[in-house]
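S.K.: Next comes the sequence, and after it the predicted model I'd like to discuss.
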Amino acid sequence: MKAATLAEIKKELKHRSEEELLNLCLNLGRFKKENKELLTYLLFEASNEEDYIRSVKSEIDLQFLDINNQNYYWMKKTVRKVLRSTRKHIRYSKKKTTEVELLLYFCQKMLELKPSIKENIVLDNLYERLLISIRKTIAKMEEDLQYDYNLQLDELLD
């Protein structure tokens, strides 16, 4: 079965009743965990972005506690897993401020890891690429936000 394009889906949804749309959304949530997480964000958490950021940061904290730091191989795998999860939450929000705050927090947690990420080329490169990504995102923001986030970014670089 070939999937329809977003434009086709949008046209079709315009012709559906409210009850049909409700059933379609519930069916979407039934099939994939990510769909359910996105619906949860849109329905309950999108209205209060600060609480959402706080909850994602606490989730990041928990995931960093579980990082296997016996050797760098396992450390790399688990750090990438946490980053995938963080990026998923950023995708739900689609807000630049949320993206910058979560990535800055992620980088801060990476620096706190023992043994140090600076001792491993792969983890250090991952960290550097994240800093570049954060810098690019900050450049697209308003000037007053740019200033605040650049201060936080400079703290990470020290």
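M.R.: Done, it's in.
S.K.: I'd like the average pLDDT over the longest helix along the chain.
M.R.: Across the chain, the longest stretch assigned as helix under DSSP state H is helix 72-93. In this model, helix 72-93 has a mean pLDDT of 94.
S.K.: shaky segments in this protein?
M.R.: By pLDDT under 70, the weakly predicted segments of the chain are 158.
S.K.: residue boundaries of the helices in it?
M.R.: 6-14, 18-31, 33-40, 49-65, 72-93, 96-112, 121-139, 143-157.
S.K.: now, of those helices, which is deepest in the fold?
M.R.: Mean neighbours per residue, mean count of other C-beta atoms under 10 Å, is largest over the helices of the chain for helix 96-112, with a mean of 19. Every residue, glycine included, has its C-beta placed from N, CA and C.
S.K.: hmm, who's touching that helix?
M.R.: For helix 96-112, contacts defined as C-beta atoms under 8 Å, 6 or more residues apart in numbering pick out 49, 52-53, 56-57, 60-61, 64, 79, 82-83, 86, 89-90, 93, 117, 123, 126-127, 130-131, 133-134, 137-138, 140-141, 145, 149, 152-153, 156.
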